[in-house]
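A.B. asks: starting from these lines, generate the structure:
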Amino acid sequence: MPDDVASMFVPINMTDAVLVASNIPENDAPAWESGSYNTGDQVVYLHNVYEAVTAGASTVPPNQDPVMWVRIGATNRWRPFDGSIGQDASRSGTITYDLVASTVCDGLAFIGLKAVSLRVRVVTSGGAVHFDETHDLVDGSSISSWLDFFTYETVYEPELVFTGLPVFPTDTVEITLDGGGGTASIGEIVLGRQVMLGKVIGGSRSGFTDYTSRNVDDFGNIELITRPTARKAEWRFVFDTRSNRRIQRELEKARGTKCFFHPGDDMTDFYLSVFGVANEFFPSLDAGGNTIDVLSLTGVS
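C.D. replies: Numbers count the residues shown, from 1 in each chain. Sure thing, here's the model as predicted:
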């Protein structure tokens, strides 16, 4: 796929057969089993952490008993695959994941990175290495003088995207995130199939929605309760009018699925990527050959 083509990464279903190994232990809490629990007790069930909000006997799995249990979130190990970027998976030193592809994949995106470097290898079931790249994630672009150098506070590249990967069923994608002696963390990992959309052009815009609560009293004092933000973007893009049926079909198929929308390798500096969902797509078709339209994207927090 050309570097200037925008695409949608449709993630594969992440199961135990796909996530086969990680150096992050799943020991956030004891595994749930039928028995008696006290208020505040936490358990792990189906890679999620639940907390008891009432005391008593638990004979029904937590995901089926909202009266006794409330979901806290995914376990530390599974946070990069929970469809949210609000909770990071973290570990001192390095984080590793081995993912065995269940279908053909050619797109891999990392969101919410905090690490010194990231290495990705694609290895066949026979041991042959199809792909092996390591990327430095420390962003030194703000250093323009010796003063900047000596006062620099480490800033990491928040996202890294791999396109055109040669990942086939039963291939293993080996991921190593190096914290450089500190703590490595990652918000979300999206492995899936790329769907070509078009070419993002001028007039596109991006930003965020802030869900912070602002309460103003009778005297004008403002109380702020900090809450997450969510990315959003409007892509103004051009596509071959004959591709309209294919694009609409793919967007419809992906409804209800959180996807990664990549504006193209040449557009990464413009911060237009979004992990979330596409809103209404209703282009005015140009019979002359190329159609220009706006695709609105809403990100998750």
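A.B. asks: pass me the low-pLDDT residue ranges in the stretch 101-250 of the chain, would you?
C.D. replies: Scanning the stretch 101-250 of the chain with the threshold set as pLDDT under 70 gives 140-154.
A.B. asks: what's the top strand by length along the chain packed up against?
C.D. replies: Ranked by residue count, the top strand of the chain under DSSP state E comes out as strand 172-186. Using 3 or more Cβ pairs under 8 Å, 6 or more residues apart in numbering; DSSP states H and E as the contact test, the elements touching strand 172-186 are strand 89-100, strand 105-111, strand 117-123. Just so you know, the C-beta spots here come from the backbone N, C-alpha and C atoms, and that holds for glycine as well.
A.B. asks: now those strands as JSON lines including distance to Gly203?
C.D. replies: Formatted as JSON lines, the helices and strands packed on strand 172-186 follow (distance: least, Cβ to Cβ, whole Å):
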{"stretch": "strand 89-100", "distance to Gly203": "36"}
{"stretch": "strand 105-111", "distance to Gly203": "24"}
{"stretch": "strand 117-123", "distance to Gly203": "32"}
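A.B. asks: out of the ones you listed, nearest to Ile247?
C.D. replies: Minimum separation from Ile247 across the helices and strands packed on strand 172-186 (Cβ to Cβ) falls at strand 105-111, 16.4 Å.
A.B. asks: contacts for that closest one, please.
C.D. replies: 1, 7, 9, 12, 85, 118, 120, 158-167, 173, 186-194, 260, 262, 273, 275 (Cβ atoms under 8 Å, 6 or more residues apart in numbering).
A.B. asks: go again using 7 Å as the cut-off
C.D. replies: 7, 9, 12, 85, 118, 120, 159-165, 167, 173, 186-194, 260, 262, 275 (Cβ atoms under 7 Å, 6 or more residues apart in numbering).
A.B. asks: in its sheet, what does it sit against?
C.D. replies: Paired with strand 105-111 in the same sheet, following DSSP bridges, are strand 159-167 (antiparallel), strand 188-200 (antiparallel).
A.B. asks: so which of those is the most packed in?
C.D. replies: Per residue and on average, the most neighbours among the strands paired with strand 105-111 fall to strand 188-200, with a mean of 22 (mean count of other Cβ atoms under 10 Å).
A.B. asks: Ser92 reaches Gly180, doesn't it?
C.D. replies: No. Look at Ser92 against Gly180 with Cβ atoms under 7 Å: they stay out of range, at 11.0 Å.
A.B. asks: neighbour-wise, which of these two wins?
C.D. replies: More crowded of Ser92 and Gly180, by other Cβ atoms under 10 Å: Gly180, with 15 against 10.
A.B. asks: contacting residues for the closest residue to that one other than its chain neighbours?
C.D. replies: Closest residue in space to Gly180, ignoring its immediate chain neighbours: Val116 at 3.3 Å, by Cβ to Cβ, 6 or more residues apart in numbering. The contact partners of Val116, by Cβ under 7 Å, 6+ apart, come to Leu137, Val138, Asp178, Gly179, Gly180.
A.B. asks: can we see that at 6 Å?
C.D. replies: When contacts are counted by Cβ atoms under 6 Å, 6 or more residues apart in numbering, Val116 touches Val138, Asp178, Gly180.
A.B. asks: which one of those sits closest to Lys253?
C.D. replies: For those, the nearest to Lys253 is Asp178 (36.3 Å; Cβ to Cβ).
A.B. asks: could I get the full set of helices for this protein?
C.D. replies: 146-151, 244-253 (DSSP state H).
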